[in-house]
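Enquirer: this one's sequence-less:
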């Protein structure tokens with residue numbers, strides 16, 4: 001093994017930037033075929049082609065069948081992609097998220113972890129649904145959904161008002177220091193002990209106000225953002241890896257290209273430990289993308305398409321004047337000392353080959369921070385994947401030919417060519433025109449065949465065939481299966497994103513936090529688990545749930561099964577909560593309450609009723625909770641004061657019997673439901689139902 005090859009596998013204290021640049025350019029070149037495929041898909045989806053004009057007509061000598069002929073848009077690919085994106089996002093918002101335990105001792109925590117993942121999706125991860133929508137679009141248009149998962153930490157400066165009275169209570173030592181001139185450095189050090197971080201120059205200026213007027217504003221730097229982030233990337237422009245890779249997690253390296261603003265670079269210098277000298281050198285001298293590095297840019301900049309006098313696509317590099325190109329290179333490398341494999345990150349810029357911004361071992365990280373999903377796994381390599389544009393390109397082109405022909409035929413039918421003797425054109429044309437003729441002279445319109453009806457039928461057939469290819473033909477019995485297959489691809493991608501986000505929380509998140517989710521009235525306390533904590537995350541949704549009749553049938557069947565099951569394997573409360581969230585999660589947030597709170601509410605209501613009955617006021621039973629109410633009444637009857645009241649007060653005894661009998665009737669009605677299902681009373685052994693055993 002030569003030295004150059006060896007250095008690509010073994011980690012060193014300082015990365016070889018020339019080797020990184022060479023690998024980056026090589027990987028970019030390897031992906032050129034896929035990049036061209038994505039360009040074609042973009043053009044097909046957006047109905048862009050060379051020579052397209054604003055009036056949707058063909059012009060020039062090569063125009064066929066004539067100059068000014070129809071050149072219509074047919075957005076079949078766009079229509080199918082948008083339909084699927086809507087279906088995917090609806091499925092995601094109404095999906096059921098479960099965290100299945102990897103080990104048996106995690107079973108008791110599985111439910112609360114499922115709740116935590118749901119909260120992450122809805123609240124904790126910034127722009128989650130926006131990034132999910134981008135992933136859905138790229139999965140269909142480009143054939144690959146690629147989502148980057150990381151942890152974001154930002155510090156921001158705030159001004160904290162403070163006065164001498166507060167300082168005296170918080171830190172008497174600081175109060176004494178402020179009273180003595182020339183001890184500003186000591187005062188700043190004590191302020192740093194009170195706050196996480198302070199601006200030293202600003203704090204020294206505020207000390208004068210404290211001494212003169214007794215109050216001031218201390219400039220404090222706070223870590224006010226600490227959360228998981230996800231970014232759905234465009235593989236053709238943002239990601240580079242070797243062309244032979246079939247599993248992104250087994251790739252020897254992955255490059256993630258980002259365009260960062262100066263403020264983002266400064267923030268990374270402060271919070272992520274980037275080299276300040278290199279970062280500020282990039283900000284000062286290397287902002288903007290220049291065409292001098294055309295070898296790199298041509299590979300990942302979308303080639304622009306000129307149409308309607310505008311430029312479509314990403315355009316050229318000169319448009320990015322206020323950003324700096326930064327590349328995050330993730331590599332699996334081996335430590336020569338112990339032979340252990342580790343995940344290493346190098347942050348650098350292709351425009352600055354003298355030094356890097358950061359090079360570190362990602363401690364505790366076992367996999368690349370990406371989730372990569374292919375639309376179809378009909379080829380081994382990741383880049384070899386068909387897109388919706390590839391599938392629908394033919395039907396869309398056929399539909400365009402038919403529509404152009406139909407439009408041209410309609411135009412000729414409305415205004416057919418007029419035949420007249422050579423050199424004797426009529427002076428006037430149009431409705432009501434007077435045209436003089438001589439004997440044997442012929443003036444007439446050209447006979448035009450009417451093919452409009454045929455064109456409409458052909459286009460309808462082509463559109464139906466195209467939708468059948470992607471599972472959107474409502475008349476096909478296979479559409480439901482195809483839809484579920486594609487939606488499940490997207491939901492599996494989201495499940496892996498949530499799993500990776502949870503792993504980021506384990507590595508970088510706070511030790512504990514509180515959160516609220518739909519259906520939970522009280523905040524939930526969640527503790528960060530061990531670093532090796534693993535979850536099997538599942539995000540599921542049945543596309544049949546978009547049909548109201550199907551949803552009603554499912555909910556009715558589940559509720560009936562849960563309430564009449566003789567095996568007691570169904571948690572009725574869980575079933576009711578799930579059904580409520582499936583019907584409408586927003587309404588469920590207001591009407592569903594935790595089981596403990598529901599139990600407490602029944603106890604409060606029944607004891608209040610018993611107090612009124614004791615005072616001589618007759619009350620009726622509540623609408624539900626019969627079994628719980630009867631158990632409370634039985635305990636109430638055991639009290640000596642209750643027995644004494646029954647013996648001495650016949651009215652109290654009668655009101656209490658009436659109240660209890662109404663709850664007994666509720667329980668009896670539930671038992672009647674079992675009898676109605678079985679045709680007879682269920683078999684019992686003492687207080688246990690043995691029917692079905």
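Expert: Cool, got the structure. Bear in mind the structure is a predicted one, so any value in this text is a computation, not a measurement. Numbering: from 1, shown residues only.
Enquirer: ok so residue 59 is a strand residue?
Expert: No. Counting by DSSP: H, G, I helix; E, B strand; the rest coil, residue 59 falls outside a strand, being coil.
Enquirer: that one is in contact with residue 52, isn't it?
Expert: No. Assessed by CB atoms under 8 Å, residue 59 is found out of contact with residue 52, at 10.4 Å. Just so you know, the C-beta spots here come from the backbone N, C-alpha and C atoms, and that holds for glycine as well.
Enquirer: and the contacts of stretch 471-481?
Expert: Contacts with stretch 471-481, where a contact means CB atoms under 8 Å, 6 or more residues apart in numbering, come from 80, 83, 84, 464, 467, 468, 482, 483, 485, 486, 543, 544.
Enquirer: drop anything exposed from these.
Expert: 80, 84, 467, 468, 482, 483, 486, 543 (16 or more other CB atoms under 10 Å).
Enquirer: and which of the residues you listed is nearest residue 493?
Expert: Minimum distance to residue 493 across the buried ones among the contacts of stretch 471-481 is 11.2 Å, recorded for residue 486 (CB to CB).
Enquirer: element containing that closest one, please.
Expert: Residue 486 is part of helix 479-508, with elements assigned from DSSP states H and E.
Enquirer: buried stuff in that helix?
Expert: By 16+ other CB under 10 Å, the buried positions in helix 479-508 come out as 479, 482-484, 486-506, 508.
Enquirer: swap in stretch 362-372?
Expert: Using 16+ other CB under 10 Å as the test for burial, stretch 362-372 gives 365, 368, 369, 370, 371, 372.
Enquirer: can you check stretch 325-336 too?
Expert: Applying a neighbour-count criterion of 16+ other CB under 10 Å, one finds 325, 326, 327, 328, 329, 330, 331, 332, 333 buried in stretch 325-336.
Enquirer: please identify which helix or strand holds residue 458.
Expert: Using DSSP H and E, residue 458 sits within helix 452-469.
Enquirer: show me where pLDDT drops low in the stretch 501-650 of the chain?
Expert: Filtered on pLDDT under 70, the stretch 501-650 of the chain yields the residue ranges 512-537, 540-551, 558-559, 561-599, 623-625.
Enquirer: ugh, typo on my part, it should be the stretch 251-400 of the chain
Expert: 290-320.
Enquirer: helices along that one, start to end?
Expert: Applying DSSP state H, counting those that start in this stretch to the stretch 251-400 of the chain gives helices spanning 262-271, 276-285, 294-300, 388-414.
Enquirer: regarding residue 119, what is its secondary structure?
Expert: Going by three-state DSSP: residue 119 is helix.
Enquirer: ok, it - how many residues close by?
Expert: Residues near residue 119, counting by other CB atoms under 10 Å, number 20.
Enquirer: before we move on, what about residue 620?
Expert: Residue 620 is flanked by 9 other residues according to other CB under 10 Å.
Enquirer: doesn't residue 662 make contact with it?
Expert: Yes. Under the criterion of CB under 8 Å, residue 620 makes contact with residue 662 at 6.6 Å.
Enquirer: tell me the domain ranges of the protein?
Expert: 1-30+234-368, 81-142+387-425+446-534, 155-225, 594-689 (automatic domain parsing).
Enquirer: export those as a markdown table, with columns for distance to residue 380.
Expert: As requested, the domains of the chain are exported to a markdown table (distance: least, CB to CB, whole Å):
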| stretch | distance to residue 380 |
| --- | --- |
| domain 1-30+234-368 | 5 |
| domain 81-142+387-425+446-534 | 17 |
| domain 155-225 | 41 |
| domain 594-689 | 49 |
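Enquirer: out of those, nearest to residue 149?
Expert: Going by CB to CB, the one of those nearest residue 149 is domain 81-142+387-425+446-534, 4.3 Å.
Enquirer: could you pull out the strands for the stretch 151-300 of the chain?
Expert: Using DSSP state E, counting those that start in this stretch, the strands of the stretch 151-300 of the chain run over 215-233, 239-240, 253-260.
Enquirer: secondary structure element holding residue 21?
Expert: If you go by DSSP H and E, residue 21 is part of helix 17-30.
Enquirer: off-centre distance for that helix?
Expert: 31 Å (CA atoms, centre = their mean, to the nearest Å).
Enquirer: what does stretch 263-275 give?
Expert: Mean-position distance between stretch 263-275 and its chain equals 27 Å (CA atoms, centre = their mean).
Enquirer: for that stretch, list every residue counted as buried.
Expert: 265, 266, 267, 268, 269, 274, 275.
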